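A.B. asks: The sequence and its predicted three-dimensional model are supplied below.
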Amino acid sequence: MKTTLLLIRHGETEWNTLGKFQGCIDIALSQDGIKQAELLKNRLNGKFDYIYASPLNRALETANIIASFTDKEVVVENDIREINFGEWEGLTVHEIAENYPEKFKAWRTDKKESKICGGDLSILNASNRAKKCVLNIINEHKGKKIAIVAHGGIIKAALIGIFEWDMTMYHKMALGNTCINTLTFDKDLNPALVSLNDTNHLTYDAKTV
């Protein structure tokens, strides 16, 4: 009995275009982000059994668009909210590196914890939270196809936890807005990664978005 999981990143926000860390600051989708979510909705075409979303607006709005023409209710799951980056939220990577050089370097290179300034305190903490949440959802819906709409950071953290990677893998993945990351699980919840950062639905001229 195979269970399929679609880990989906939310659509684009204005802060995404500015390169700012959003974390738990509740930023809405931009007009481009809404159009991306519509394209994703058309691609998925309601072909999932359950859909979950982070409580943050950008993820919840994306999930509501995806589920808008189905009879499936979006279930809000607090433990897949984005990583809380504390003092780094609202800053760009360049600004963080400039203002927090030692902590930034440790975050990028520490394989065991990857500490951050405040909030979740480390990528390890976020990874443990995300892994537990995802596996609980999978265990509840064995044999089904489940969509979870969340955030780039917490999706990477979830993958690190599920596959028992070291924390530096966080910096070795690029996840675009509305990307689909597909995993399957066997009856014993052993995972397999099928695809990463799939944005094939965004096949349009950027000028028309």
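C.D. replies: Perfect, I can see it now. Residues are numbered from 1 along each chain as shown.
A.B. asks: Quick check: which ranges of this protein have low pLDDT?
C.D. replies: 204-209 (pLDDT under 70).
A.B. asks: one more time with 90
C.D. replies: Applying pLDDT under 90 to the chain picks out residues 1, 69, 117-119, 203-209.
A.B. asks: Which parts of it are strands?
C.D. replies: Ranges of strands in the chain, per DSSP state E, are 3-9, 50-53, 74-76, 145-150, 180-185, 191-198.
A.B. asks: Just send the ones you listed back as JSON lines, with mean neighbour count and distance to residue 111 too.
C.D. replies: Glycine gets a C-beta too; all of them are placed from N, C-alpha and C. Compiled in JSON lines, the strands of the chain are given as follows (neighbours: other C-beta atoms under 10 Å; distance: least, C-beta to C-beta, whole Å):
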{"stretch": "strand 3-9", "mean neighbour count": "24", "distance to residue 111": "23"}
{"stretch": "strand 50-53", "mean neighbour count": "22", "distance to residue 111": "30"}
{"stretch": "strand 74-76", "mean neighbour count": "17", "distance to residue 111": "33"}
{"stretch": "strand 145-150", "mean neighbour count": "25", "distance to residue 111": "24"}
{"stretch": "strand 180-185", "mean neighbour count": "20", "distance to residue 111": "22"}
{"stretch": "strand 191-198", "mean neighbour count": "14", "distance to residue 111": "20"}
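A.B. asks: Any idea what residue 193 is bridged to?
C.D. replies: Bridge pairing for residue 193 (DSSP bridges) gives the partners residue 183.
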